[in-house]
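*Asks:* prediction below, plus the sequence it came from.
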Amino acid sequence: MLEVDDVEHRYGVRCALDGVSFALGRGGFHALLGPNGAGKSTLIGLMTGLLRSQAGEIRIAGHSLRHEPRRVRRQLGVVFQQPTLDLDLSVRQNLLYHASLHGLGWRQARQRCDRELARQGLEARADERVRRLNGGHRRRLEIARALLHEPALLVLDEASVGLDAASRQALNEHVRALCRERGMTVLWTTHLLDEIAPEDNVVMLCAGSVVAAGQAGALCRRTGSRTLQDAFRRLTAPHEIAAEERP
Ligand SMILES: Nc1ncnc2c1ncn2[C@@H]1O[C@H](COP(=O)(O)OP(=O)(O)OP(=O)(O)O)[C@@H](O)[C@H]1O
């Protein structure tokens, strides 16, 4: 579903991604892990076309981002780290506006809005201003919006940041249910390791490089770690030291 092949990105002389390669299969919950500054948002910026590709190749659902950007955009739903809802529009108006940007006709847009709101448990809030929703419900609305055009891959960039512990867990479980029930492929980026289950497929990014990839539980066993936190510390420490010596 997602192939990242030798991707490099620099901001001036600062190297944010240094030959990053990994691949995700179709379906399931995958996690992109990394401490602050690891390069997660840069990678998502490249996938979404917010940043211009400098080197390497990204393919989504078999389509090349460089050669078929429109096809890629149709296959990709994104929830960005910073909320991007219009607080003074209603829940439904936010969705309809987005649907029109994706070229959906009026009737289809209304149907998909109703369907996604029902799936996110927000149908009763459709005519309320977004300002009245709590943080967890706003995030669900952003997920509904990201799914309106029926993408194959849903990417969430630190979507749980700013939520309290209960809302964070509810959001995480909700996204996992989307994977199970709809066969979605989800890429969940986070620096909060308690959001990851042992059976999740994870890619660990540190200082612009992939330091490990595979099932979380297997990474723990391979590194002789009791917890994913311990495995993460062991795998990332040498790279953070090396990165400090890099321009
Ligand atoms: N616009 C920019 N200009 C210069 N350097 C940048 C810019 N954006 C990011 N960087 C640098 O690139 C590196 C990767 O940053 P990025 O935001 O992609 O990491 P991240 O893993 O998403 O971190 P966070 O969890 O803090 O968002 C960091 O060293 C950061 O300081």
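*Replies:* Perfect, I can see it now.

*Asks:* only C-alpha atoms from now on, for both contacts and neighbour counts.
*Replies:* Will do.

*Asks:* residues contacting the residue lying closest to residue 89 once chain neighbours are set aside?
*Replies:* Ranked by CA to CA, 6 or more residues apart in numbering and with sequence neighbours excluded, the top spatial neighbour of residue 89 is residue 129, at 5.4 Å. Residue 129 is in contact with 87, 88, 89, 90, 91, counting by CA atoms under 8 Å, 6 or more residues apart in numbering.

*Asks:* now do the SS call for the first one.
*Replies:* Recorded secondary structure, residue 87: coil (DSSP: H, G, I helix; E, B strand; the rest coil).

*Asks:* show me the strands in this structure, by range?
*Replies:* Applying DSSP state E to the chain gives strands spanning 2-11, 14-24, 28-33, 55-60, 63-64, 76-79, 153-157, 185-190, 201-206, 209-215.

*Asks:* Throw these into TSV and include mean neighbour count, thanks.
*Replies:* Output for the strands of the chain, formatted as TSV (neighbours: other CA atoms under 10 Å):
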stretch	mean neighbour count
strand 2-11	18
strand 14-24	18
strand 28-33	24
strand 55-60	20
strand 63-64	18
strand 76-79	22
strand 153-157	23
strand 185-190	24
strand 201-206	24
strand 209-215	19
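
*Asks:* out of those, which comes closest to residue 48?
*Replies:* Proximity to residue 48 (CA to CA) singles out strand 76-79 among these, at 7.8 Å.

*Asks:* output the closest one as PDB, restricted to C-alpha atoms.
*Replies:* Extracted C-alpha coordinates of strand 76-79, given in PDB (Å, rounded to 0.1, in the frame of the first residue of the first chain):
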ATOM      1  CA  LEU A  76      -4.800   9.100   0.500                       C
ATOM      2  CA  GLY A  77      -6.700  10.500   3.500                       C
ATOM      3  CA  VAL A  78      -4.800  12.700   6.000                       C
ATOM      4  CA  VAL A  79      -5.400  14.000   9.500                       C
END
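
*Asks:* mind checking how far residue 199 is from residue 25?
*Replies:* Residue 199 sits 14 Å away from residue 25, taking CA to CA, to the nearest Å as the criterion.

*Asks:* over to residue 49?
*Replies:* For residue 49, the distance to residue 25 - CA to CA - is 22 Å.

*Asks:* more crowded one of the two?
*Replies:* Per other CA atoms under 10 Å, whichever of residue 49 and residue 25 has more neighbours is residue 49, with 15 against 12.

*Asks:* lowest-confidence helix or strand of the chain?
*Replies:* helix 228-244 (a mean of 76; mean pLDDT, DSSP states H and E).

*Asks:* turn the strands of the chain into TSV, including mean pLDDT.
*Replies:* Listed next are these as TSV, based on pLDDT from 0 to 100:
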stretch	mean pLDDT
strand 2-11	96
strand 14-24	95
strand 28-33	94
strand 55-60	95
strand 63-64	94
strand 76-79	93
strand 153-157	94
strand 185-190	93
strand 201-206	94
strand 209-215	93
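
*Asks:* distance to residue 143 for the ones you listed - can I get that in CSV?
*Replies:* Formatted as CSV, those follow (distance: least, CA to CA, whole Å):
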stretch, distance to residue 143
strand 2-11, 19
strand 14-24, 20
strand 28-33, 15
strand 55-60, 19
strand 63-64, 23
strand 76-79, 6
strand 153-157, 9
strand 185-190, 11
strand 201-206, 21
strand 209-215, 25
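
*Asks:* these: which one's closest to residue 169?
*Replies:* Minimum separation from residue 169 across the strands of the chain (CA to CA) falls at strand 185-190, 13.1 Å.
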